[in-house]
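Asks: sequence unknown, structure follows:
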């Protein structure tokens with residue numbers, strides 16, 4: 001399969017098709033070199049400092065802090081950044097994003113856990129960073145954030161493969177996690193940590209969902 005390297009968007013689309021339908025675990029060196037160049041660029045270097053507070057939510061009442069962490073290996077399902085069986089810790093910058101990510105119903109209870117970061121972390125941040133390079137690389141960096149934030153509803157096990165693959169490349173370049181825009185909360189920021197012990201839950205709070213707001217447009 002030929003990969004388009006003239007357009008950042010088309011490159012990612014071809015890369016997705018390649019991983020899903022051609023070769024899942026090994027990619028040509030030309031593709032790897034393009035992705036590595038984006039990952040090692042200092043434009044995307046972010047930090048989360050020790051003792052910083054992030055949030056994680058669960059539907060229902062889970063007031064015990066031990067119930068708020070990442071699932072164990074046996075219970076870890078497919079996620080945007082992690083394949084099944086490899087747990088990562090998904091957190092949000094604020095409570096509003098955290099609740100929105102759960103997509104609760106009106107009247108439903110949600111438990112929010114506050115997590116303290118245990119050490120300074122190096123984060124690959126796709127938010128508010130403008131890559132300085134040729135048009136192809138700029139387009140690819142913008143499209144990366146779009147795809148990490150894209151709302152996926154069908155066949156997650158297949159459609160999450162490209163972002164899982166990229167996350168593993170980031171992980172193996174000595175980053176501790178990835179920051180990306182929320183797919184359901186306009187200004188929301190999500191963070192996934194590769195080491196589930198990088199942050200510890202120190203308290204829980206119970207919230208009730210009172211309202212849900214939808215934006216919509218007529219399709220032509």
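Replies: Nice, I can see it. Since the structure is predicted, the reported quantities are computational estimates derived from the model, not experimental observations.

Asks: which residue ranges form the strands in the protein?
Replies: 45-48, 53-59, 89-92, 109-117, 121-125, 177-181, 189-193, 199-208 (DSSP state E).

Asks: Phi and psi next, for residue 24.
Replies: Main-chain dihedrals, residue 24, degrees, to the nearest 10: phi -90, psi -30.

Asks: Identify the residues contacting it.
Replies: Neighbour list for residue 24: residue 161 [criterion: Cβ atoms under 8 Å, 6 or more residues apart in numbering]. C-beta coordinates here come from the backbone N, C-alpha and C atoms, glycine included.

Asks: before we move on, the earlier item: mind checking which of the strands of the chain is nearest residue 103?
Replies: Closest to residue 103 of these, according to Cβ to Cβ: strand 53-59, at 9.0 Å.

Asks: residues making contact with the closest one?
Replies: Here strand 53-59 makes contact (Cβ under 8 Å, 6+ apart) with 48, 67-69, 89-95, 97-99, 101-102, 104, 108-117, 191, 199, 201.

Asks: Just send the strands of the chain back as TSV, with distance to residue 144, mean pLDDT and mean neighbour count too.
Replies: Formatted as TSV, the strands of the chain follow (distance: least, Cβ to Cβ, whole Å; pLDDT from 0 to 100; neighbours: other Cβ atoms under 10 Å):
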stretch	distance to residue 144	mean pLDDT	mean neighbour count
strand 45-48	14	91	16
strand 53-59	22	96	19
strand 89-92	18	98	23
strand 109-117	24	97	19
strand 121-125	10	94	20
strand 177-181	8	94	24
strand 189-193	14	96	24
strand 199-208	24	96	15
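
Asks: OK, contacts around residue 158?
Replies: So residue 158 contacts residue 20 (Cβ under 8 Å, 6+ apart).

Asks: For it, give me the pLDDT.
Replies: Residue 158 is assigned 90 on the pLDDT scale.

Asks: same check, this time on residue 130
Replies: In this model, residue 130 carries a pLDDT of 61.

Asks: contacts for the lowest-mean-pLDDT helix or strand in the chain?
Replies: The weakest-scoring helix or strand in the chain, judged by mean pLDDT, DSSP states H and E, is helix 135-149 (a mean of 83). Applying Cβ under 8 Å, 6+ apart, the contact partners of helix 135-149 are 5-9, 11-12, 34, 37-38, 43-44, 80-81, 126-127, 129-132, 162-163, 166, 178, 180-183.

Asks: do the same with stretch 25-42
Replies: With contacts defined as Cβ under 8 Å, 6+ apart, stretch 25-42 is touched by 3, 5, 11, 15, 18-19, 44, 124, 131, 133, 137, 140-141, 144, 165-166, 169-170, 173, 175.

Asks: how does it look with 7 Å?
Replies: 3, 5, 15, 124, 131, 137, 140, 141, 166, 169, 170, 173 (Cβ atoms under 7 Å, 6 or more residues apart in numbering).

Asks: In space, what's closest to residue 197 - neighbours in sequence excluded?
Replies: Distances taken as Cβ to Cβ, 6 or more residues apart in numbering place residue 118 nearest to residue 197, at 7.2 Å, with adjacent residues excluded.
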